[in-house]
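Trainee: dropping the sequence and predicted coords here.
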Amino acid sequence: MNSPFVFDVATLLRSSATPTQRTQTGPSPLRIGLPLVAIDEGADVTVEAFLSPLGDAVLVDATVTAPLSGECARCLRPLDVEHSFHVNEVFAASDDFISGDAADDDAEENPPRIEGTELDIQQSLTDVVGLNLPFSPTCGYFGIGECDSDRTPEPDGVSGEDEKNLPDPRWAGLEKFL
């Protein structure tokens, strides 16, 4: 199975390379997302990427469009929507692509590596999806509408109209003084 997240960048690592635009479509090799909403394994994913050579590295600026599936955290209605994510990452072909001061080595954060002549944006996409999707998705967040149950609590915690008229049980003893 070919992953839509893997790009062959052999031509971009040459000294005379020019930026290129590529579109790849295919099934997602694994489930990417959070417990209540994610891109399912095998879902059709479209990756539109602009690849720019940077000498010993490649800059990937990609838009990934995929169907999300999951359920609303409030009413448990199934969520099936298409969503786009933006991935912007530099992939290095060698360890010495980025060098800095010796003092900066403590906070060493190397860019992802190009393995052979291929780069894989799957981990970058996983990071973007995890940071951009809500941990507790709701129908309203994805534009599906309001939750379909009348007994579903409102987002601010108010659960019903009649509860406003009930006295607070802590003050029940003071009712005789009214």
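Mentor: It's in.

Trainee: hey, C-alpha coordinates of stretch 63-71 in CSV?
Mentor: Extracted C-alpha coordinates of stretch 63-71, given in CSV (Å, rounded to 0.1, in the frame of the first residue of the first chain):
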residue,chain,number,x,y,z
THR,A,63,-2.8,20.9,2.6
VAL,A,64,-4.2,17.6,3.6
THR,A,65,-7.9,17.0,3.0
ALA,A,66,-9.5,13.9,4.6
PRO,A,67,-12.8,12.7,6.0
LEU,A,68,-13.1,12.8,9.7
SER,A,69,-15.3,10.4,11.6
GLY,A,70,-16.2,10.3,15.3
GLU,A,71,-18.9,11.4,17.6
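
Trainee: what sits up against it?
Mentor: Residues outside stretch 63-71 that contact it (C-beta atoms under 8 Å, 6 or more residues apart in numbering) are 28, 33-34, 36-40, 43-49, 77-87, 121, 125, 133, 137, 142. To be clear about C-beta, it is placed using only N, CA and C from the backbone, and glycine gets the same treatment.

Trainee: and these, which are buried?
Mentor: Listed as buried from the contacts of stretch 63-71 are 28, 33, 36-40, 43, 45, 47, 49, 77, 79, 83, 85, 87, 121, 125, 133, 137, 142; burial here means 16 or more other C-beta atoms under 10 Å.

Trainee: which ones among the contacts of stretch 63-71 lie within strands?
Mentor: Among the contacts of stretch 63-71, the members falling in strands (DSSP state E) are 33, 37-39, 44-49, 78-87.
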